[in-house]
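>>> Here you go, sequence then predicted model.
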Amino acid sequence: MSHPAPYSVRLADEITRQLGQLADHLSQLPPPQAAQVIARVLDPDAGVLGGVTHLVTTGSVFAKDQAERGALPPEVWLALGRASNELHDISLDLDEHQDILKHVGSQPATTAAKSPAPAPLVVRRRR
């Protein structure tokens with residue numbers, strides 16, 4: 001007889017399933033609604049990215065304690081700490097774009113006679 005998964009494991013599975021649903025919905029939304037969803041997901045305080053960052057940081061604290069006890073290899077703690085730091089940095093980078101996403105999300109969907117001019121895409125990475 002199998003044991004039911006603990007609540008926390010079921011919760012993680014449910015959140016993962018819902019994130020997949022959100023991604024599926026996002027791909028079908030009109031641009032203003034998609035921008036609203038993205039802005040909420042990327043909100044560093046109340047969004048999914050902030051929540052995931054907090055979760056990974058908490059996991060890093062757990063892994064540090066377990067590594068100090070010898071229950072986990074130190075590499076696990078170091079990897080989680082690095083992931084936490086990277087997610088934090090990414091959150092800061094994306095936070096710069098919150099206002100424009102909110103602005104686009106507040107625009108009514110229109111069928112303008114003239115489409116906006118496409119912008120050239122340039123990838124810049126700060127370090």
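Okay, I see it. Numbers count the residues shown, from 1 in each chain.
>>> List the buried residues in stretch 63-76.
63-64, 67, 72, 76 (16 or more other C-beta atoms under 10 Å). In this view, the C-beta of every residue, glycine as well, is placed from N, C-alpha and C.
>>> who touches it?
Residues lying outside stretch 63-76 but in contact with it, judged by C-beta atoms under 8 Å, 6 or more residues apart in numbering, are 77, 80-81.
>>> Switch the residues you listed over to TSV; also include pLDDT, neighbour count and distance to V56.
Output for those, formatted as TSV (pLDDT from 0 to 100; neighbours: other C-beta atoms under 10 Å; distance: C-beta to C-beta, whole Å):
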residue	pLDDT	neighbour count	distance to V56
W77	97	20	12
L80	98	21	6
G81	97	17	9
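>>> now, which of these sits nearest V41?
L80 (21.9 Å; C-beta to C-beta).
>>> Against K64, how distant is that closest one?
In this view, L80 and K64 are 8 Å apart by C-beta to C-beta, to the nearest Å.
>>> what's the answer for G50, then?
Applying C-beta to C-beta to G50 and K64 gives a distance of 21 Å.
>>> ok so, going back, identify the contacts common to L80 and K64.
Shared contacts of L80 and K64, defined by C-beta under 8 Å, 6+ apart, are absent.
>>> State the pLDDT value of E75.
Among the per-residue scores, E75 holds a pLDDT of 97.
>>> Give me the residue at the spatial middle of this structure.
Taking C-alpha atoms, centre = their mean as the criterion, L49 is the residue nearest the geometric centre of the chain, at 2.8 Å.
>>> could you list every residue that touches that one?
By C-beta under 8 Å, 6+ apart, the residues touching L49 are 41-43, 87, 90-91, 94.
>>> element containing it?
Take DSSP states H and E as the rule and L49 turns out to sit in helix 48-69.
>>> Check the burial of D45 by counting its neighbours.
D45 has 8 neighbours, counted by other C-beta atoms under 10 Å.
>>> ok now the host helix or strand of I15, how far from the chain's centre?
When elements are defined using DSSP H and E, I15 is found to belong to helix 7-26. Between the mean C-alpha location of helix 7-26 and the chain-wide mean there is a distance of 13 Å, by C-alpha atoms, centre = their mean, to the nearest Å.
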